[in-house]
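*Asks:* Pasting the sequence and the predicted model now:
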Amino acid sequence: MRGEVFIPVSKFKALNAELGKKGEKMFANPRNAAAGSVRQLDPRVTASRPPDFFAYGVGRVDGEEFSAQWEVLEYLRRIGFRVSPLIRRFKNIRDVIRYHDEMKEERDDLDYEIDGIVVKVNSIAQQERLGVISRSPRWALAYKFPAREEFTRVNGIRVQVGRTGALTPVAVLEPVQIAGVTVSRATLHNEDELRRKDVRIGDTVVVERAGDVIPEVVSVIKSRRTGVEKEFWMPDRCPVCGADVLKVGPIVRCIGVSCSAQLKERIKHFASLRALNVEGLGEKVIEQLVDRKMVSDAADLFFLTNSDLMRLERMGDKSAQNILTALEKSKHTTFARLLHALGIRHVGEHTASLLADKFNDMDALRAARHEDLIRIPEIGPEVAKSILLFFRQEETQELLEKLERAGVRYEKKEVEGAVEEERILEGKTFIFTGRISMPREEAKSIVERLGGNVASSVSKKTDYVVAGEDPGSKLEKAEKLGVKVIDEEAFREMVEGV
Ligand SMILES: [Zn+2]
């Protein structure tokens, strides 16, 4: 069963008052309090807190079949779970929009915080057809309310240097509470934005925070100006390494090849969870490694020794050993992860996996021409140009060679054509049952392209039953007949590269 844990605002206030009385750390907002309470290792602590729960979906239910989201909710209510009393069913999108606007007005009267409504397609058959893309279902969307705004004063403007060398002006604010969170910095994006909004040091500004995104300065209240406000100009040198900056469009970039600010960000990205996932290699460690010139690129991480790491502040033998173990583990990765980790501009996690699907290995990708790249759906000329530029750099060559020397290996993927020709599923009959993340039509066409066929009912002639979430009676029948049952993961492996 799926749902959301929350703490009502009234109970949150009481909890904080109690924590304060005991001299314990208080929570910034109900959301943090709810997350903190659920994460407790000692369930008695969780039990002493006031979390509440609304159920909204099912993972797996034995002996029940649902044809609509609404039935799921009624079922959850019937068996005794709390379901939000604000859930409604609508027949057209106009009514959904009207309900969204109504809730926007009413949200301050609720005893819990909401930042929007969730809209779902009711029919489960239609949900299945719509499927899932990049892990998010196409049949549900978060329809958020406009961001909350507050006024505050700009105490200063600082410049941050990012992974690609971009210089971002950041407003240092008089701390202000926006929707339960203290905000003391807000991005000004770039110099053009800064000029357009005419933000000056000392100005009173409107600051907006939407969900988890970085707060931003929306506008300046010019009527509050007293004449002492100071204009801010972007530096013509990198504030960290002192190299020249180059302005391309609205973006000012540090062109220093050995800029430590860029290097720190690149290495943080390289080691991050969704890239090479080097556990325990935190921000503080990376900053020290760069500042002490112990690494000059990401590959240098793999040549660090225990005694190197022990020279760092607050580093014990055990933590040093843990980092080395994590580094060793991260050497075995996938092509997509390694591509993502390299931090090629415009190549995020999703694009990296598209490229890894199309190209066999780094050499094949390096040999790709502009026209090969833009032939891939979702890859535009801008991205293609950035990939070509990346591989043309001498530093890239050095980095890749060094990674190889360090023993970084990735799993290769098969190229599409090779599998297609083989008709690996020749003569095999498949049955699909339950929810899988790709549309049924797509699964069917994959099977057929590889020479197999898809039937609608299970018989002794069936070779494979692919069972998704909430499989129906077909699964039982397959088990009775002794037909091989596989899950979606196994199916995807079987047809990998298609
Ligand atoms: Zn720099």
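*Replies:* Sure thing, it's come through. This one's a predicted model, so the numbers in the text were calculated from it and none came from an experiment.
*Asks:* Flag the helix or strand of this protein with the lowest per-element mean pLDDT.
*Replies:* When each helix and strand of the chain is scored by mean pLDDT, DSSP states H and E, helix 416-422 comes last, with a mean of 39.
*Asks:* Contacts for the following helix or strand past it, please.
*Replies:* Counting by DSSP states H and E, the next helix or strand C-terminal to helix 416-422 is strand 429-433. Residues outside strand 429-433 that contact it (CB atoms under 8 Å, 6 or more residues apart in numbering) are 440, 443-444, 447, 452-458, 461-468, 471-472, 474-475, 478, 483. In short, each C-beta sits where N, CA and C put it, glycine included.
*Asks:* now stretch 192-205
*Replies:* Contacts for stretch 192-205 (CB under 8 Å, 6+ apart): 151-157, 169, 171, 173, 186, 188, 217-222, 224-226, 228-232, 234, 250.
*Asks:* Please name the nearest non-neighbouring residue to Ile255.
*Replies:* Spatially, and ignoring its direct neighbours in sequence, Ile255 is nearest to Leu246 (5.2 Å; CB to CB, 6 or more residues apart in numbering).
*Asks:* what's the answer for Val61, then?
*Replies:* Distances taken as CB to CB, 6+ apart put Asp470 closest to Val61, at 7.1 Å, once the chain neighbours are dropped.
*Asks:* do Lys461 as well
*Replies:* Counting by CB to CB, 6+ apart, Lys461 lies nearest to Thr429, which is 5.8 Å off, once chain neighbours are set aside.
*Asks:* List the contacts of Lys385.
*Replies:* Under the criterion of CB under 8 Å, 6+ apart, the neighbours of Lys385 are His370.
*Asks:* if we can go back for a sec, now a PyMOL select for only the buried ones of the contacts of stretch 192-205.
*Replies:* Only the buried members of the contacts of stretch 192-205 enter the following PyMOL selection, criterion being 16 or more other CB atoms under 10 Å:
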select buried, resi 152+154+157+169+171+173+186+188+217+220+229+232+234
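*Asks:* The contacts of stretch 192-205 in strands, which ones?
*Replies:* The strands, defined by DSSP state E, take in 151-157, 169, 171, 173, 186, 217-220 from those.
*Asks:* what's the closest of these to the ion?
*Replies:* Here the nearest of these to the ion, counting by CB to the ion, is Pro169; it sits at 15.1 Å.
*Asks:* which bits of this protein sit near the ion?
*Replies:* Proximity of the chain to the ion, by CB under 5 Å from the ion, involves residues 238, 240-241, 243, 254, 256, 259.
*Asks:* Excluding chain neighbours, give the residue nearest to the residue in the stretch 101-250 of the chain that the ion sits nearest to in space.
*Replies:* When distances are taken as CB to the ion, the stretch 101-250 of the chain approaches the ion most closely through Cys238, which lies 3.0 Å from it. Distances taken as CB to CB, 6+ apart place Cys254 nearest to Cys238, at 3.6 Å, with adjacent residues excluded.
*Asks:* what does Gln288 give?
*Replies:* With sequence-adjacent residues excluded and distances taken as CB to CB, 6+ apart, Gln288 is closest to Leu312, at 4.9 Å.
*Asks:* Checking whichever residue of the stretch 301-450 of the chain sits closest to the ion next. Helix, strand or coil?
*Replies:* Nearest to the ion, among the residues of the stretch 301-450 of the chain, is Glu395, at 15.1 Å (CB to the ion). For Glu395, the secondary structure call by DSSP: H, G, I helix; E, B strand; the rest coil comes out as helix.
*Asks:* Tell me how many other residues surround it.
*Replies:* Number of residues near Glu395 (other CB atoms under 10 Å) recorded here: 10.
*Asks:* cool, and Lys474?
*Replies:* Other residues close to Lys474 by other CB under 10 Å number 20.
*Asks:* Name the residues that touch whichever strand or helix holds it?
*Replies:* Using DSSP H and E, Lys474 sits within helix 473-481. Where contact means CB under 8 Å, 6+ apart, the residues beyond helix 473-481 that reach it are 431, 433-434, 457-460, 462, 465, 467, 485.
*Asks:* Select only the buried ones of these in PyMOL?
*Replies:* For the buried members of the contacts of helix 473-481, the matching PyMOL selection, counting by 16+ other CB under 10 Å, is:
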select buried, resi 431+433+434+458+462+465+467+485
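*Asks:* TSV for the contacts of helix 473-481, including pLDDT?
*Replies:* Formatted as TSV, those follow (pLDDT from 0 to 100):
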residue	pLDDT
Ile431	91
Thr433	88
Gly434	86
Ser457	86
Val458	88
Ser459	87
Lys460	84
Thr462	88
Val465	90
Ala467	87
Val485	85
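*Asks:* Closest to the ion out of the contacts of helix 473-481?
*Replies:* In terms of CB to the ion, no member of the contacts of helix 473-481 lies closer to the ion than Gly434, at 53.3 Å.
*Asks:* separation between the closest one and Pro137?
*Replies:* Between Gly434 and Pro137 the distance, using CB to CB, to the nearest Å, works out to 15 Å.
*Asks:* got it, and Glu349?
*Replies:* In terms of CB to CB, Glu349 sits 18 Å off from Pro137.
*Asks:* try Val408
*Replies:* Spatial separation of Val408 from Pro137 under the definition CB to CB is 35 Å.
*Asks:* between the two, which one's more packed in?
*Replies:* Val408 (19 against 14).
*Asks:* show me what contacts the more buried one?
*Replies:* With contacts taken as CB under 8 Å, 6+ apart, Val408 has the following neighbours: 299, 302, 331, 333, 338.
*Asks:* 6 Å instead, please
*Replies:* By CB atoms under 6 Å, 6 or more residues apart in numbering, the contact list for Val408 reads Lys331.
*Asks:* Can you tell me the element Glu398 falls in?
*Replies:* Per DSSP H and E: Glu398 is located in helix 394-406.
*Asks:* Tell me which helix or strand comes right after that helix.
*Replies:* Proceeding N to C from helix 394-406, the next assigned helix or strand is strand 409-411, under DSSP H and E.
*Asks:* Direction included, what does that next one pair up with?
*Replies:* Based on DSSP bridges, the strands next to strand 409-411 in the sheet, each with its direction, are strand 332-334 (parallel).
*Asks:* can you pull the buried residues of whatever helix or strand comes next after the partner strand?
*Replies:* For strand 332-334, the following helix or strand on the C-terminal side (DSSP H and E) is helix 335-341. Neighbour-count burial for helix 335-341 flags 335-341 (criterion: 16+ other CB under 10 Å).
*Asks:* Dump the helix or strand harbouring Thr351 to CSV, restricted to CA.
*Replies:* Under DSSP H and E, the secondary-structure element containing Thr351 is helix 349-358. What follows is the C-alpha trace of helix 349-358 in CSV, where atoms were taken according to Å, rounded to 0.1, in the frame of the first residue of the first chain:
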residue,chain,number,x,y,z
GLU,A,349,21.6,11.0,-16.7
HIS,A,350,18.9,10.5,-19.3
THR,A,351,20.9,11.6,-22.3
ALA,A,352,23.9,9.5,-21.1
SER,A,353,21.6,6.4,-21.0
LEU,A,354,20.3,7.2,-24.6
LEU,A,355,23.9,7.4,-25.8
ALA,A,356,24.9,4.2,-24.0
ASP,A,357,22.0,2.4,-25.7
LYS,A,358,23.2,3.5,-29.1
